[in-house]
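> Provided below for reference: sequence and predicted model.
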Amino acid sequence: MSIVKINVLTVPAEQRETLEKRFASRAGAVENSDGFEWFELLRPIEGTDDYLVYTRWRDEASFQAWMEGPMKAAHQGGQGGGDRPKPAASGSSVWSFEVVQQAAPKS
């Protein structure tokens, strides 16, 4: 069954727009990755500064291949390196889960 990775990003209010623009500018960077199934960027509404980046993958190997390839390149500014912008998040952690049950709306 699939696996889910949730990257928890602590983002101060003044950096929210920056974070969302950065994700928007990388739209399409994950969608063609082998084993990729789903992505959502979740903005906090109240009670926290934590954004959740939800991704679902066919298996752990697919996620690790993306982490070592396209994701790593995107966060290093591509192949050429150069000046990297200051991170919008002040902290992050990754939660990992296996999907053991799921349901979809009935057609």
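Nice, I can see it. This structure is a prediction, so every number in the text was calculated from the model and none was measured.
> residue ranges of the strands in this protein, please?
In the chain, the segments counted as strands under DSSP state E are 3-10, 36-42, 50-57, 91-98.
> count the residues that sit near residue 51.
22 (other Cβ atoms under 10 Å). To be clear about C-beta, it is placed using only N, CA and C from the backbone, and glycine gets the same treatment.
> would you mind measuring from it to residue 70?
As judged by Cβ to Cβ, to the nearest Å, residue 51 and residue 70 stand 20 Å apart.
> by mean pLDDT, point me to the weakest helix or strand of the chain.
Lowest on mean pLDDT, DSSP states H and E among the helices and strands of the chain sits helix 72-75, with a mean of 69.
> can you tell me, leaving aside adjacent residues, what's nearest to residue 44?
For residue 44, ignoring the flanking residues on the chain, the nearest one in space by Cβ to Cβ, 6 or more residues apart in numbering is residue 50 at 5.9 Å.
> so what's the nearest residue to residue 92 once chain neighbours are set aside scoring on pLDDT?
Nearest residue to residue 92 in three dimensions, chain neighbours excluded: residue 9, at 4.9 Å (Cβ to Cβ, 6+ apart). On pLDDT, residue 9 comes in at 95.
> repeat that for residue 82.
Taking residue 82 on its own, its pLDDT is 56.
> which residues touch the nearest residue to residue 98 once chain neighbours are set aside?
Spatial nearest neighbour of residue 98, excluding adjacent residues (Cβ to Cβ, 6+ apart): residue 3 at 5.6 Å. By Cβ atoms under 8 Å, 6 or more residues apart in numbering, the contact set of residue 3 is 56-60, 63, 96-99.
> so which bits of the longest helix seen in the chain are buried?
In the chain, assigned by DSSP state H, the helix with the most residues is helix 16-25. Within helix 16-25, the residues that qualify as buried are 18-19, 23, counting by 16 or more other Cβ atoms under 10 Å.
> quick check, nearest of these to residue 29?
If you rank the buried residues of helix 16-25 by distance to residue 29 using Cβ to Cβ, residue 23 comes first, at 9.4 Å.
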